[in-house]
Every structure is written in C-alpha cells, then in structure tokens.
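J.: no sequence on this one, just coordinates:
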DNA sequence: CCTTGACCTTCCACTGACTGGAACCCTCAT
DNA sequence: ATGAGGGTTCCAGTCAGTGGAAGGTCAAGG
C-alpha cells in the first residue's frame, strides 16, 4: 500500500503518517521507487495510534501503549496505570475549563451587550470589582 | 519599577513580561542603563492580561480586549460577543474532554489491572471489540 | 578597590503534534 | 509530450511561552 491508501483507510492525514515515521512510531518499507510501502501491520498500528490519540494520549504515551500491546508478557496493571494517570489529567483539565466557564458565564450574563460602553467583563478584567 | 517588581506585583514571570513587550502588548520605557522602566499603567495592563489569560482568552483576544478597554466609546456588545465566542470554545473543549473521560473511564473500570496480560484497554485501541 | 550576588539585557533554541508549502520525482493515460 | 495525480524531502510556522548562555549594572561588604 502507498501512503494515500493507508491515509484513507486509517483516517490519518498523509502528513501525520510521515511524521509518525519520522519520530519512529512506525517503520514502513520502501519500494524500489522510494515510495513508502505499508503492510497490514502498519495500517493496524496507525489505527491503534489514531484511537489512542483520539482518547487524548500523548505521543509518548502512545509509544508506551504500543510497546505494551506488542509485549505478550505485559501486566495489564501497567496499562491501567497509564490510563488512570491520563484520566486524572483529563479530569484536571475539565476542572480548569469548568472554572473558566463558570466565571466567564457569570460575566457574560451580567453584561448588557448593547451599544453603551459600560461592561462588567472589562470591569472584572481591569481589577475593579 | 524594574521588571522584577512588576513581575512580583503582577504575578507574571519576567520572561512572560518581556514576551508581551516583544509582541507589542505593552510598551514600557527604558532607563538610562537600558533597564525596562514600568509605570503603574503598565502594571495595570499586565494584571489585566494576566486575568484575561487566566480565563483562557488567546493573546489575540487579549489584544482586542485591551483595545476595547481603552476605547471609551466601545459598545459592550463587542466585548460580550468576544466573550461568548470564547465561552462556546470552552464548552466545546469540555465536551470533547468529557467524551474522552467517559470512554477512558469505562475502559479503566473494565481492566483488571493485575499481572496478567489480558487488557480491555489495549483490546479497544487495537480495534478488537 | 575588588568582589560577590542579585539584578538586568539580548538572543537562540526548544516545547507538542502536527500543518503548509516549495521544489522536485514517478507513473499512467491521452 | 504533456498533464494529472500520486509520491518524495526539507524548511518554516503554529501557540504562548520557557530554559539557558553570555554578558552588562548596581549596591553592599571585606
């Protein structure tokens, strides 16, 4: 398979696939003309990477997850720990965003949003209040 | 005031303050020795920027917000619109993270996390299931 | 007078995870 | 032969800073 085929079958942009090769996540063979030549296992890895990235794992996490996936003697505890740590980071981010959302939501609600200059949002940002 | 003073009074790292000057958000004067020389208005602007950034506004949004703040004839509707658009982006991010959280949470719960290799997390990522 | 330490300066490189674009090569159909 | 539609490499840019090197400035202490 050429890169266009794996791109459409994995859903990942060709640029991203080249980048993943660059950082050593996949190692496709090369045809005589220099084109990347992907096997089914490469496609499988790319799909794995796509799903892991969609769950928000970092590239380095993905590298670890792939290594665990390929290690038949892994302990599921190692996978679970990685996932739990990632889950905790997601929770932290949600909490941060939720705090922003609550504060900003209140400010937006208290702003008339008309043609006059008085604005509680700017008032808050400027430190008055 | 020197940069160290505004840094401790605004809570922003000196590096960040220099960066904000670099991109034109503030324009402190210089002393004879070449040191930046900050007025109270600069400190005020930096505090404004710090609060806007803490609410997740981008640097470009901050630039716009500062311009609106300094424009006595602004319409609060313009401020409100910017804030609402930002609020919508925050909501989108929260929804994305929440979806990740739910999926990953289920996977984590279904994983034994022991010394055996069987792992529903990896199974899901690999596309089996 | 010299030195030490805490400041300050500029400039360059790096972060994460790609993305855009230029310049060029390969293959097949017309 | 030419054009379209693949592919290749390499460089630069994104966002909002952060880290560090190399060096200038200033006040206090020996």
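T.: Done, it's in. Here the structure is a predicted model, which is why all the values come from computation and not from measurement.
J.: Around DNA strand C, which positions in chain A sit nearby?
T.: Taking Cβ under 7 Å from any atom of the strand as the contact definition, chain A meets DNA strand C at A:13, A:15, A:16, A:19, A:32, A:33, A:34, A:53, A:58, A:59, A:60. C-beta coordinates here come from the backbone N, C-alpha and C atoms, glycine included.
J.: Can you tell me which of those residues comes closest to chain B?
T.: Among the residues of chain A next to DNA strand C, residue A:53 lies closest to chain B (Cβ to the nearest Cβ), at 10.2 Å.
J.: Nearest residue to the closest one in space, please, no chain neighbours.
T.: residue A:62 (6.5 Å; Cβ to Cβ, 6 or more residues apart in numbering or on different chains).
J.: how about the one helix or strand the one you found maps to, does it reach DNA strand D?
T.: If you go by DSSP states H and E, residue A:62 is part of helix A:59-70. No. Applying Cβ under 7 Å from any atom of the strand, one finds helix A:59-70 separated from DNA strand D by no less than 14.1 Å.
J.: Need the contact partners of that helix.
T.: A:23, A:25, A:45, A:48-49, A:52-53, A:57, A:74, A:78-79, A:82, A:86, B:119, B:122, B:125-126 (Cβ atoms under 8 Å, 6 or more residues apart in numbering or on different chains).
J.: surely residue A:97 meets residue B:93?
T.: Yes. With contacts counted by Cβ atoms under 8 Å, residue A:97 reaches residue B:93, the gap being 5.7 Å.
J.: Those two: which is more packed in?
T.: Neighbours per residue, other Cβ atoms under 10 Å in any protein chain shown: of residue A:97 and residue B:93, the larger number sits with residue A:97, 20 against 16.
J.: Please report how far the more buried one lies from DNA strand D.
T.: Separation of residue A:97 from DNA strand D (Cβ to the nearest atom of the strand, to the nearest Å) stands at 15 Å.
J.: The host helix or strand of that residue near chain B at all?
T.: Secondary-structure assignment from DSSP H and E places residue A:97 in helix A:76-110. Yes. Judged by Cβ under 8 Å from any Cβ of the partner chain, helix A:76-110 comes into contact with chain B through A:76-77, A:79-81, A:83-84, A:86-87, A:90-91, A:93-94, A:97-98, A:100-101, A:103-105, A:107-108.
J.: That helix - what's its average pLDDT?
T.: Averaged over helix A:76-110, pLDDT sits at 97.
J.: For the spatially most distant residue from the centre of chain A, which non-adjacent residue is closest in space?
T.: Distance from the centre of chain A peaks at residue A:116, with 42.0 Å (Cα atoms, centre = their mean). Nearest in space to residue A:116, with sequence neighbours left out and distances taken as Cβ to Cβ, 6+ apart, is residue B:76 at 5.9 Å.
J.: Verify the contact between that neighbour and residue A:108 for me.
T.: No. With contact defined as Cβ under 8 Å, residue B:76 does not reach residue A:108; the gap is 10.8 Å.
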